[in-house]
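>>> how would this look folded up:
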Amino acid sequence: MAMDRAMPILIVDDYKTMLRIIRNLLKQLGFENVDEATDGSMALTRLREKNYGLVISDWNMEPMTGIELLREVRADAKLKGTPFIMITAESKTENVIAAKKAGVNNYIVKPFNAATLESKLAAVFGSV
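Presented below is the predicted three-dimensional model:
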């Protein structure tokens, strides 16, 4: 599945600065169609209203964490095929395993740059 730079992307993070950083990195890579959510429940609402080509979510959020959001997305028949990339500050093996078990497509450890993001996107979509 080739990556469509016009596809809508939803970025989820409870930290506004991080949303801005991710949006800017995506813009550098040619993605302009980016929406934001500041927590998992807002993200779920958006996902149910619009067809997203990708979700990029932080792990550590309140009240719904990124992993809980991922589980909800995978449990929803309409959303379960949506590519999902998890972002975290922790590279703990058990977190990576938990995310994989929950159905994450890829995993990015902070801090990261546009090249890292691009390689993760390429891994999910096959080509960028």
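
>>> Mind listing the residues bridging to the residue nearest the centre of the chain?
Centroid-nearest residue in the chain, with CA atoms, centre = their mean: residue 56, separated by 1.2 Å. In this structure, residue 56 bridges to residue 11, residue 85 when assessed by DSSP bridges.

>>> Name all residues that make contact with it.
9, 10, 11, 12, 22, 85, 87 (CB atoms under 8 Å, 6 or more residues apart in numbering). C-beta here means a position set from N, CA and C on the backbone, and glycine is covered the same way.

>>> Past the host helix or strand of the last one, which element shows up next along the chain?
Looking back up the chat, that one is residue 87. Counting by DSSP states H and E, the element that carries residue 87 is strand 84-88. The first helix or strand that comes after strand 84-88 along the chain, using DSSP H and E, is helix 93-102.

>>> From the chain's centroid, how far away is the helix or strand immediately after that next one in the chain?
Counting by DSSP H and E, the next helix or strand C-terminal to helix 93-102 is strand 106-109. Mean C-alpha position of strand 106-109 versus that of the full chain (CA atoms, centre = their mean, to the nearest Å) differs by 9 Å.

>>> what does strand 106-109 rub up against?
So strand 106-109 is contacted by 85-91, 96, 99-100, 116-117, 120, 123-124 (CB under 8 Å, 6+ apart).
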